[in-house]
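Engineer: A structural model of the following input is requested.
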Amino acid sequence: MYPPMIIDTASFEPSRMTVIEGSSGMVPQMIFRLCAASAASGREAMFVDGWNSFDPYAVSRMIKSFCGDRTALSRIHVARAFTEYQMEALIGGLEDALARWKPSVLAVSYLPSLFSGKDEQRLFEPVLTRLSSLTASYRLVTVITSFGGSWYGDRLLSSCASRVIRIEQPSKKRIRIIDNGHMFEYIPVPPGQTRFTDFSGDGKECSFLTSGTTTAR
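Structural biologist: Numbering: from 1, shown residues only. Next up is the predicted model:
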């Protein structure tokens with residue numbers, strides 16, 4: 001069972017590059033949902049996979065939950081890179097694909113992971129510059145995932161982003177999200193279980209615990 005989209009897809013703005021980082025399984029689920037929401041609404045999406053993480057079955061189920069039309073999966077165009085040079089070539093040639101399909105969402109999974117060595121660092125900054133330029137030129141909702149951390153690539157990626165969302169999972173029953181300095185936590189509720197939100201009518205599948213602001217990252 002995949003988790004709910006607790007961050008509204010409408011909060012991801014065109015012409016902005018967002019980074020979602022952390023080791024939680026919710027990180028890839030977030031970009032799956034963004035792509036699924038785009039496809040379900042009749043728009044195209046592109047998924048550049050840097051960690052062999054794209055799950056068509058999970059995305060298909062998400063699309064079905066949005067619109068019931070599994071054929072919408074064909075609106076998500078997937079390209080995979082297994083080395084830093086393949087990723088560099090994919091991003092370098094991305095403009096032709098953008099002009100052809102005119103996607104609203106561009107998702108790139110675990111981009112820094114392919115540039116983890118010192119020799120690869122020289123390739124990483126031009127790749128980020130290219131992504132930033134394409135995001136602005138094509139008014140893309142660009143979302144890039146990362147494991148996060150203190151490595152050069154993770155820090156450089158987050159410094160280039162307009163928005164950084166960090167997802168932490170201190171325990172199996174608690175998830176913490178820090179969204180550009182604003183922090184909140186929630187407990188996922190199993191399907192079918194009664195929730196406090198059932199009485200308020202908002203229908204969210206989680207119970208929120210705390211919210212606040214933090215300067216720590």
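
Engineer: Tell me how many other residues crowd residue 125.
Structural biologist: Using other C-beta atoms under 10 Å, residue 125 has 14 other residues around it. Any C-beta I mention is one placed from the backbone N, CA and C, and that applies to glycine too.

Engineer: which ones are touching it?
Structural biologist: residue 156 (C-beta atoms under 8 Å, 6 or more residues apart in numbering).

Engineer: One more: residue 158?
Structural biologist: 19, 21, 146, 148, 164, 217.

Engineer: now, among the residues you listed, which is nearest to residue 110?
Structural biologist: Nearest to residue 110 among these is residue 146, at 6.4 Å by C-beta to C-beta.

Engineer: Residue 112 versus the closest one, what's the distance?
Structural biologist: From residue 146 across to residue 112, the span is 5 Å (C-beta to C-beta, to the nearest Å).

Engineer: Find residues that contact each of these two.
Structural biologist: Contacts common to residue 146 and residue 112, judged by C-beta under 8 Å, 6+ apart, are 153-154, 157.

Engineer: quick one on the thing from earlier: please list only the buried members of the contacts of residue 158.
Structural biologist: 19, 21, 146, 148, 164 (16 or more other C-beta atoms under 10 Å).

Engineer: In a helix, residue 58, correct?
Structural biologist: Yes - counting by DSSP: H, G, I helix; E, B strand; the rest coil, residue 58 is found in a helix.

Engineer: I'd guessed it sits against residue 29; true?
Structural biologist: Yes - if you go by C-beta atoms under 8 Å, residue 58 and residue 29 touch, sitting 7.4 Å apart.

Engineer: Greatest separation within the contacts of residue 158: which pair is it?
Structural biologist: Checking these against each other with C-beta to C-beta, the farthest-apart pair comes out as 146 and 217, at 12.5 Å.

Engineer: Which residue ranges of this protein form strands?
Structural biologist: 16-21, 45-49, 76-80, 105-109, 141-146, 163-171, 174-179, 182-188, 206-213 (DSSP state E).

Engineer: Just send those strands back as a markdown table, with mean pLDDT and distance to residue 90 too.
Structural biologist: A markdown table is the format used below for the strands of the chain (pLDDT from 0 to 100; distance: least, C-beta to C-beta, whole Å):
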| stretch | mean pLDDT | distance to residue 90 |
| --- | --- | --- |
| strand 16-21 | 98 | 17 |
| strand 45-49 | 98 | 6 |
| strand 76-80 | 97 | 5 |
| strand 105-109 | 98 | 9 |
| strand 141-146 | 98 | 13 |
| strand 163-171 | 92 | 23 |
| strand 174-179 | 92 | 28 |
| strand 182-188 | 83 | 33 |
| strand 206-213 | 49 | 35 |
